[in-house]
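1. coords please:
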Amino acid sequence: MWEDPATGERKEPLLTVPIALGREFERLPEIIDEQRVCRIVLSSLDVSRYHASIEIHQDRLTIIDRGSSNGIIINGQKHTQSQIVPGDVIQIGNYQMAIAIPSNAQPVATSASQSQIGFNSVTNRPDPRITPPPVIQVNSCLPPIFQQQQIDPQAIHATGLPVEEVEYATIGGGLGSFIWVDLLRIGGVSTEQVRVLGMEQKPYGRYQQLCLNAQIVPQERLRSPADACPDNIWGFPNYATLEAARGIAKGKLRSSLGHLWQVFAEPTLAATYTPKSGDAIAAIDREAARISWRKMIRTAHVQAIRKTTDGRYAIVYTCQQPTDYACTIARYVHIATGYPALQFLPDLQAYRDRTQDFKTVVNAYEPHEHIYESLATSGGTVLLRGTGIVAARILQKLYTLRRDCDRVEIKVIQLLRSAKIEGNKYGLAERKVEHNYEFQPFNWPKSAWGGQYKAILETATPEQRQHLLADWGGVTTIDRPDWRRIVTGGINKGWYQIFYGEVQQVVPHPTHGGTITTVRESGVQSDMQLESDFIIDATAVDAPIMASPLLQDLVQQYNLPINQLGRLTVTPDFELAAMANQSGKVYASGAITLGNYYAPVDSFLGLQYAAFEITQDLLSRNAKQLQPLVLSRSLFQWWKWMNNRSPD
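-> Numbering: from 1, shown residues only. From the prediction side, this is the model:
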């Protein structure tokens, strides 16, 4: 069992020994001691081509270093050969792996692929009672005409369904859609030629709700740099400049100059500036009104995309009712549906499947304010899983609650599979680690946005890209002094404790509510039991694209290639090449494109980069109404943006 360093996805293959582990499948042996080998590829440059093997020696499970460059670490100690038992944590490169030996008597645990939380098709919010669908062959609920791969537009009109024809359509309606449409409008495209199909009237609807659930409230800062402005393609004035200007107007000279100093001196002399969530939302509101977003949005739950015989695409969707179908036909289609689902730890999913208890055990991105309300009145213990930015926000919320509600006792247990001693490495660079949290002072390597890392990724092979993303990625949080003081102080005062081990099961407490989590510690024969009133899973958010019924249908209908990380394969222009239809093109951006030519695809800057690349490709095809942003037009449009005037 391990988490993929690039995506955070949990891998739980059931294997028989012998097992070979390494970076290149072809270099791993097929046979060991006349037995067929299970070969596992670990995509990191810190992993040797043939790194290690797991075999049976003298009736004991044994791991053997096969001459690797970086060795094998077991429970924090380096070994060339060692016996291993369930509960041991094996570190190979930046992979931390645990093993379990199942028996016929043991119940089958919920698999990682089944342990996901879907989004409600009406509210567009995470719903713990919705699990993503199993693999299907075709969307059988569609009107019969849309079962075909290619459709005559006249036949669609003949069905009597409401049909709208435009030049550009974007599916998702979130920030990815908003940034692309913003660029189209600035480029001269009228609102009549653009349709946005999504579940939200505001482009940040789902994003804002996920932030609020994860305790990133308007006054909290995002993990995003100053110049990542979804509302402003020019990036100037950036969020730091605007915040400083507002502060100076209010007489807060010192703090205002401090924000500007952060931008100029980061990260060596000052901490990286990050904007407040509320400032980003307010800026997007302003820009949405300026480009007439409401004229282009259609409340829609998109069911399928089909090619038409005249080189366009038919997008079929439902409106208010599940059978209330309508269709939009467009020549250029953009897909930015965001995360297909939320990942959820399998042991916690198994608990909820057995108990139907959706209040005691929650995902950090689900609504769970009831936990903080209960703690504020009665106190209690929270078991926190995960060490990323969301785990940091949850811990900060619990610290604030503890500080403000001093009449009750609030404790936090953080449960990790193993201690995090070293950060991710690439070349001479290594991330700093403190109390198991891995810090990334630049939020993401800035050269991945537009420098050396970006150039390396563009010229790499698909296999090399997988290695690079595994080494660059990983769960990180912001290196903030105030937050680090919370962690250190909590440990010293005893209200915050960290435990390590592999979860065996989670069950309800038999007497006073809450849960008991049975954990097998590394190198310890007996299990320990952790009692808590609530459990919050803050481990990961992203899920493979097949968790989305729309993307699953698209992949199966047109046999779209999937990349090494289980996401859509796109060109450097973010085009889905297999969807080309004469002059028509389909593009994709955001989390569903991770693993291709660009790394930080679901960041603000990543979405802007994708929008620029797509727009440049459209310009090369002489797309209708779209004009290039030459210097004069760019300056004129920037002046309009500064004065909040329509781009028309």
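
2. any idea which helix or strand comes after the helix or strand harbouring V390?
-> Element membership of V390, judged by DSSP states H and E, is helix 389-404. Note on helix 389-404: by DSSP H and E, the next helix or strand toward the C-terminus is strand 410-416.

3. what residue lies at the spatial centre of this protein?
-> D542 (3.7 Å; C-alpha atoms, centre = their mean).

4. which residues are in contact with the helix holding V390?
-> If you take C-beta atoms under 8 Å, 6 or more residues apart in numbering as the criterion, helix 389-404 is touched by 214-216, 220, 223, 364-365, 372, 375-376, 382, 384-385, 410, 412, 414, 437, 476-478, 483, 486-487, 490, 495-496, 536, 538-539, 541. Quick note: C-beta positions are derived from backbone N, CA and C, even for glycine.

5. mind doing that once more with 7 Å?
-> Under the criterion C-beta atoms under 7 Å, 6 or more residues apart in numbering, residues 214-216, 220, 223, 364, 372, 375-376, 382, 384, 410, 412, 437, 477-478, 483, 486, 490, 495, 536, 538 lie in contact with helix 389-404.

6. do stretch 2-16 as well
-> Contacts of stretch 2-16 (C-beta under 7 Å, 6+ apart): 1, 38, 44, 94-97, 111-112, 343, 346, 469-470, 473-475, 539-540, 542, 565, 594.

7. for the record, mean pLDDT for that stretch?
-> Average pLDDT, stretch 2-16: 83.

8. so what's E366 closest to, chain neighbours aside?
-> Spatially, and ignoring its direct neighbours in sequence, E366 is nearest to P126 (5.1 Å; C-beta to C-beta, 6 or more residues apart in numbering).

9. from A214, how far off is that neighbour?
-> Look at P126 and A214: by C-beta to C-beta, to the nearest Å, they are 11 Å apart.

10. quick check: neighbours shared by the two?
-> Common neighbours of P126 and A214 (C-beta under 7 Å, 6+ apart) are Y365.

11. residue contacts, E266?
-> So E266 contacts 272-273 (C-beta under 7 Å, 6+ apart).

12. local confidence estimate at it?
-> E266 is given a pLDDT of 81.

13. before we move on, what about L635?
-> Looking at L635, its pLDDT stands at 97.

14. and for V138?
-> 48.

15. repeat for R417
-> 83.

16. need phi/psi at it.
-> R417 has phi and psi values of phi -70, psi -40 when expressed as degrees, to the nearest 10.

17. that one: neighbouring residues, count only.
-> 20 (other C-beta atoms under 10 Å).

18. was I right to think it contacts A98?
-> Yes: under the criterion of C-beta atoms under 7 Å, R417 makes contact with A98 at 5.9 Å.

19. quick one: stretch 371-381 to chain centroid distance?
-> 29 Å (C-alpha atoms, centre = their mean, to the nearest Å).

20. buried sites along that stretch?
-> Neighbour counts over stretch 371-381 (16 or more other C-beta atoms under 10 Å) mark 371-372, 375-376, 379-381 as buried.

21. from G311, how far off is D357?
-> In terms of C-beta to C-beta, D357 sits 52 Å off from G311.

22. ok so, going back, who touches both of R417 and A98?
-> Common neighbours of R417 and A98 are listed as 89, 502 (criterion: C-beta under 7 Å, 6+ apart).

23. which outside residues touch stretch 169-178?
-> Contact partners of stretch 169-178, identified using C-beta under 7 Å, 6+ apart, comprise 180-181, 195-200, 203-204, 206-207, 230, 284, 288, 297, 302, 315, 328, 330, 333-338, 589-590, 607.

24. inside helices: which ones of the residues you listed?
-> Members of those lying in helices (criterion: DSSP state H): 180-181, 206-207, 284, 288, 607.

25. and the residues you listed as JSON lines, adding pLDDT, distance to Y500 and neighbour count?
-> As requested, these are arranged in JSON lines below (pLDDT from 0 to 100; distance: C-beta to C-beta, whole Å; neighbours: other C-beta atoms under 10 Å):
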{"residue": "W180", "pLDDT": "98", "distance to Y500": "44", "neighbour count": "27"}
{"residue": "V181", "pLDDT": "98", "distance to Y500": "47", "neighbour count": "28"}
{"residue": "R206", "pLDDT": "94", "distance to Y500": "34", "neighbour count": "23"}
{"residue": "Y207", "pLDDT": "95", "distance to Y500": "33", "neighbour count": "21"}
{"residue": "I284", "pLDDT": "98", "distance to Y500": "41", "neighbour count": "24"}
{"residue": "A288", "pLDDT": "98", "distance to Y500": "46", "neighbour count": "21"}
{"residue": "L607", "pLDDT": "96", "distance to Y500": "37", "neighbour count": "25"}
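
26. still on that earlier bit, ok, the residue nearest to the centre of the chain - contacts?
-> 7-8, 339, 343, 591.

27. of the residues you listed, which is the most crowded?
-> Using other C-beta under 10 Å as the neighbour test, the contacts of D542 are led by Q343, with 26 neighbours.

28. so what's it closest to, chain neighbours aside?
-> Distance criterion C-beta to C-beta, 6+ apart; nearest residue to Q343, sequence neighbours excluded, is A540 at 4.3 Å.

29. quick check: pLDDT value at that neighbour.
-> 73.

30. that one touches F344, doesn't it?
-> No: assessed by C-beta under 7 Å, A540 is found out of contact with F344, at 8.8 Å.

31. between the two, who's got more neighbours?
-> F344 (28 against 23).

32. how about the residue lying closest to that one once chain neighbours are set aside, what does it touch?
-> With C-beta to C-beta, 6+ apart as the criterion, F344 has its nearest non-adjacent residue at 4.8 Å, and that residue is S115. By C-beta under 7 Å, 6+ apart, S115 lies in contact with 343-346, 349.

33. tell me the spacing between S115 and L415.
-> 17 Å.

34. do I516 as well
-> According to C-beta to C-beta, I516 stands 13 Å off from L415.

35. flag the shaky bits of this structure, pLDDT-wise.
-> The chain contains residues with pLDDT under 70 at 103-114, 131-140, 441-445, 523, 525.

36. can I assume S418 sits in a strand?
-> No: read with DSSP: H, G, I helix; E, B strand; the rest coil, S418 is coil and lies in no strand.

37. the nearest residue to it once chain neighbours are set aside: how many residues sit nearby?
-> Leaving aside its chain neighbours, S418 sits nearest to V89 (3.7 Å; criterion: C-beta to C-beta, 6+ apart). Residues lying near V89 (other C-beta under 10 Å) number 24.

38. my guess is V89 contacts A419. True?
-> No: taking contacts as C-beta under 7 Å, V89 lies outside contact range of A419: 8.4 Å.

39. gap between the residue nearest to W293 when sequence neighbours are not counted and P340?
-> Nearest residue to W293 in three dimensions, chain neighbours excluded: P203, at 6.7 Å (C-beta to C-beta, 6+ apart). To P340, P203 is 19 Å away according to C-beta to C-beta.

40. swap in N436?
-> 29 Å.

41. of those two, who's got more company?
-> Taking neighbours as other C-beta under 10 Å, N436 and P340 compare with P340 leading, 23 against 16.

42. tell me where the stretch 151-300 of the chain has helices.
-> 153-158, 175-186, 205-213, 239-249, 253-265, 277-290, 293-296 (DSSP state H, counting those that start in this stretch).

43. reformat those as TSV; add distance to W641.
-> As requested, those are exported to TSV (distance: least, C-beta to C-beta, whole Å):
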stretch	distance to W641
helix 153-158	37
helix 175-186	8
helix 205-213	22
helix 239-249	13
helix 253-265	20
helix 277-290	7
helix 293-296	15
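
44. any idea which of those helices is most buried?
-> helix 175-186 (a mean of 27; mean count of other C-beta atoms under 10 Å).
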